Every structure is written in structure tokens, then in C-alpha cells.
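> Provided below are the primary sequence and the corresponding predicted coordinates.
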Amino acid sequence: MSRHRCYPSDTYDDEWALIEPLLPPPACESPKGGRPEKHPRREVVDAIRYVVDTGCKWRALPRDFPPWRTCYNFMARWAAAGVVGQIRDQLRKRIRREMGRAPGAVATVIDSQSVKAAETVGRDSRGYDGAKKINGRKRHLVVDTKGLPLFVMVTPADTTDRDAAKEVLFRLRLMHPEITIVWADSGYAGQLVTWAKKHLNLTLKTISRPKDATGFVILPRRWVVERSLAWIMHARRHARDYERLIQHSESLITWAAITLMTRRITRRSSRRSRQPASREATTRD
């Protein structure tokens, strides 16, 4: 029997209807054949979302989920195969269509965030960010003008924004050739602007903080990606970086974004589906 939905991170039926078709077919359904999967995929996805939302250890998964090794292996397998990125892209395109926009974003915003790393993070993939006084890793996030994620890359915290941006923008250009302009903060200024225009045909525009400004100031364009980083930080797994492998860190960040997008798409229908149950409960009371 399938488990009942009992945690806030569990998928609703309409959310699962969005995710299930985007997952690769089981091995037993492929031409080569394979062993049938023992546990329902929905329970595996719910377990991954539970870890991301609560920040618990994989070994501390509640017993109503499949075994933690099974859930971890699915997470790692889908991350290596690029499945998580494909789900993110399809959900983003759907949201943009519902907003009356083209599926592909032309304008984007980039920013980075340094976070502390746990003792599980090896010395080879961590560093010290002298500006933020943080020993850990740095997340580089690219979003469209509505804050929907297009790409995420994790590096040691001592990697400068300009150095990491060359790899980020290069991979972004390969994945999304329709992009023409990227907004960023002053940390990306300098030779990177010329390099992006010459080698990638990308217009990189930097937005600096006003010289006479004091205290908190909302800056045009930049606030969009900063808000997206704040959304991701709502998932407790990302308050600190615990992943041994960088690709797993990138994958779990993407899972947090996927949860945000599925909840956004199904927000109204999920509320409608919950109303009859609540009314019935009220009548019984």
C-alpha cells in the first residue's frame, strides 16, 4: 500500500501529475529490460523533498519512506543523468506560458551566495570567502526576470564571481542560446563584460549600488535573483552545505526550486481540492 500524505513537503496529486511524466521510464520498461522497481517513485520523490525541506540526514528518513539508500541512489542517479535539470526547465517553461510569455527567457539575472559548509564537505571542494568571512561553498544562480531558475553551479567559496561567471555564462549559452542579456552586480564588472560580448555574444550589464545610499536599498533587476536565493533558503537543507559532492548540492538546490514551481502551478487547484475535506470536517465538528 502507498503511504498517506502526512508531511508538508509531500506532493499533492496535481503536483505528482506534473512531475511523473518528466521522470525517465523505469528500466523494466526499456528495450534492454531490467528489474521492476520495488518502491513507488512518488514515495522516493517525497523522500527527496522531505530531506530538502527539513534538512535531516538521509539516514534519519522516517520509516514510512522507502529505505534511505534507495532514495539517495535515485537522487544521485537522476542528478548524474540531468533529469532534475530537465524537470526544472519544463516547469519553468510552463509557468512562463501561463504568464503569457515566451517559453525561453531572453533576459536573465546572475548572482552568487556564499554559505558555510559542514564537516562532510571535503577540503578539495570548499574555500574561504574573505569578503563574507565564510568558509564553505558559493552558489551561482541564474534566473529569468520573474525569478525562475535557469541554471545553478556550486564552487568553493574562494572562487571569485568573475572567474566562476565565465564557466556559468559559457554553459548557459550552450543550454539557452536564446539569451541575449545578463544583469549582474558590480562584482562581475571589468574584463568579464568584454569577454562575454566577444566570445559568447552576450550583453553583460552591471548594476552598482548608489554612492550616496545608506542602509538597505532595492536595486533594479538585482533584487529578482536575491529574492530567488531567499526562496531557496526556505528549505532548511540549504541553510548550510552538507553534500560531499558538488553535483549533489546543485541537484538538491534544483529540487528546492522544483518544489516552489510545482506549488506555484498547482496553488489554486490544490486549495480547491482541500476545501471539501475542510468543509466536511467543519460540518462534523
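Structure received.

> List the contacts of Leu245.
When contacts are counted by CB atoms under 8 Å, 6 or more residues apart in numbering, Leu245 touches Ser125. The C-beta positions use only the backbone N, C-alpha and C, and glycine is treated the same way.

> can you do 6 Å?
If you count contacts by CB atoms under 6 Å, 6 or more residues apart in numbering, Leu245 has none.

> Quick one: mean pLDDT for stretch 29-48?
Average pLDDT, stretch 29-48: 88.

> Please state the offset of that stretch from the chain centre?
For stretch 29-48, the separation from the chain centroid amounts to 23 Å (computed by CA atoms, centre = their mean, to the nearest Å).

> Any idea how far apart the tips of it sit?
The first and last residues of stretch 29-48 sit 23 Å apart, counting by CA to CA, to the nearest Å.

> which outside residues touch it?
Among residues not part of stretch 29-48, those counted as contacts by CB under 6 Å, 6+ apart are 2-3, 10-11, 16, 26-28, 61, 65-66, 70-71, 74-75, 255.

> show me the contacts for the residue most central in space within the chain.
Closest to where the C-alpha atoms of the chain average out (CA atoms, centre = their mean) is Thr254, at 2.3 Å. Applying CB under 6 Å, 6+ apart to Thr254 gives the contacts 84, 88.

> That one falls within a strand, correct?
No. Following the definition DSSP: H, G, I helix; E, B strand; the rest coil, Thr254 is helix and is not counted among the residues of a strand.

> which residues of the stretch 1-150 of the chain fall in strands?
107-116, 127-129, 134-144, 149-156 (DSSP state E, counting those that start in this stretch).

> Sheet partners, orientation included, of the longest one?
So the one you mean is strand 134-144. In the sheet containing strand 134-144, the strands it pairs with under DSSP bridges are strand 107-116 (antiparallel), strand 127-129 (antiparallel), strand 149-156 (antiparallel).

> List only those of the contacts of stretch 29-48 flagged as buried.
When neighbours are counted using 16 or more other CB atoms under 10 Å, the contacts of stretch 29-48 contain these buried positions: 3, 10-11, 16, 61, 65-66, 70-71, 74-75, 255.

> Wait, Leu252 touches Asp53, no?
No. Look at Leu252 against Asp53 with CB atoms under 6 Å: they stay out of range, at 10.5 Å.

> Same drill for these two, tell me which one is more crowded.
Leu252 (23 against 19; other CB atoms under 10 Å).

> and the gap between the nearest residue to that one once chain neighbours are set aside and Ser9?
The shortest distance from Leu252 to any residue other than its chain neighbours is 5.4 Å, reached at Val52 (CB to CB, 6 or more residues apart in numbering). Val52 sits 7 Å away from Ser9, taking CB to CB, to the nearest Å as the criterion.

> again with Arg3
From Arg3 across to Ser9, the span is 13 Å (CB to CB).

> same question, Leu219
Here Leu219 is placed at a distance of 32 Å from Ser9 (CB to CB).

> Over to Ala117?
Here the criterion is CB to CB. By it, Ala117 lies 24 Å from Ser9.

> Kindly report the same for Pro40.
When CB to CB is applied, the distance between Pro40 and Ser9 equals 16 Å.

> any idea of the pLDDT on Glu98?
For Glu98, the predicted pLDDT is 93.

> Just give me the neighbour total for the closest residue to it other than its chain neighbours.
Nearest residue to Glu98, sequence neighbours excluded (CB to CB, 6+ apart): Ile265, at 7.5 Å. Burial of Ile265 is recorded as 17 neighbouring residues (other CB under 10 Å).

> Which parts of this structure are helices?
When assigned using DSSP state H, the helices of the chain occupy the ranges 13-19, 41-54, 68-80, 83-98, 161-175, 191-195, 222-233, 246-265, 267-284.

> so where's the stretch 101-250 of the chain uncertain?
Counting by pLDDT under 70, the stretch 101-250 of the chain shows low-confidence ranges at 213-217.

> try 80
Per-residue confidence for the stretch 101-250 of the chain (pLDDT under 80) gives these ranges: 208-220.

> mind putting the strands of the stretch 1-150 of the chain in TSV, distance to Leu169 included?
What follows is the strands of the stretch 1-150 of the chain, written out as TSV (distance: least, CB to CB, whole Å):
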stretch	distance to Leu169
strand 107-116	8
strand 127-129	21
strand 134-144	8
strand 149-156	9
